[in-house]
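Q: The sequence and its predicted three-dimensional model are supplied below.
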Amino acid sequence: MARYTGPTTKIARKFGDPIYGADKYFEKKNFPPGQHGLNKKRRKLSEYGLQLKEKQKAKYTYGVLEKQFKNLFDKAQRTKGVTGVVLLQLLETRLDNVVYRLGIAPSRRAARQLVTHRHITVNGDVVNVPSMNLRPGDIIGVRERSKSLEVITESLTGRRTGTPWLEWDSSLMTGKVLNLPERDDIPENIREQLIVELYSK
């Protein structure tokens, strides 16, 4: 299954944002990678450059490859609503992202692995497709024999709170999608309008 497997801190430094979560190496070197990373007189990006950078940032943040991202954008364009917000909603409601948001996994990469290794269920059925889009009312759970996995128990111990469009039941270890997230519910620092402008060229 195709996915980005390269260095994460280097990508985070490229965008100047810890897109893969807390990273002590990023905090230590919070400037672009490369021998000229500290040089203040970096060339100003063009309008196209800014738009491309924002698209790349969204792709790396959610772990989506180019073709997948283009397909999601096409779907967002065909869906009723503001294209940029709909695109973010489609990215947010991917199964791997929801597993991460619920706190079952410490990162999207870990969430993707849990899904592909068949530790996660959707509406009672075991699934192994991280890109699966969820809808309001869907129930996401941890497979019975996987509930004692160390990576899951440790992640749930330090579970994050404050995802208003998701509901978590700690006794059953299940989460429910209450509704599609509003733009204010999505904490990612992504300027979706630049992505729309890029694809509209």
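A: Looks like it arrived, so ask away.

Q: SS state for residue 140?
A: strand (DSSP: H, G, I helix; E, B strand; the rest coil).

Q: which residues does the spatially most central residue of the chain contact?
A: Of all residues in the chain, the one closest to the mean position by Cα atoms, centre = their mean is residue 62, 3.2 Å from it. If a contact means Cβ atoms under 8 Å, 6 or more residues apart in numbering, then residue 62 has 91, 94, 97, 108 as its contacts. Yep, even glycine has a C-beta here, placed from its N, CA and C like the rest.

Q: Output the residues you listed in JSON lines, with distance to residue 130 and secondary structure appended to each entry.
A: Converted to JSON lines, the contacts of residue 62 look like this (distance: Cβ to Cβ, whole Å; DSSP: H, G, I helix; E, B strand; the rest coil):
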{"residue": "91", "distance to residue 130": "12", "secondary structure": "helix"}
{"residue": "94", "distance to residue 130": "7", "secondary structure": "strand"}
{"residue": "97", "distance to residue 130": "9", "secondary structure": "helix"}
{"residue": "108", "distance to residue 130": "9", "secondary structure": "helix"}
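
Q: if I look at residue 149, how far off is residue 113?
A: 11 Å (Cβ to Cβ, to the nearest Å).

Q: my bad, should have said residue 170
A: The value you get for residue 170 to residue 113, if Cβ to Cβ is used, is 22 Å.

Q: between these two, which one's more packed in?
A: Per other Cβ atoms under 10 Å, whichever of residue 170 and residue 113 has more neighbours is residue 113, with 17 against 10.

Q: Who's the closest spatial neighbour of the more buried one, skipping the chain neighbours?
A: The shortest distance from residue 113 to any residue other than its chain neighbours is 7.8 Å, reached at residue 105 (Cβ to Cβ, 6 or more residues apart in numbering).

Q: sorry, back to before: are any of the contacts of residue 62 buried, and which?
A: Among the contacts of residue 62, those buried by neighbour count (16 or more other Cβ atoms under 10 Å) are 91, 94, 97, 108.

Q: what's the weakest-modelled helix or strand in the chain?
A: Sorting the helices and strands of the chain by mean pLDDT, DSSP states H and E puts helix 24-28 at the bottom, at a mean of 52.
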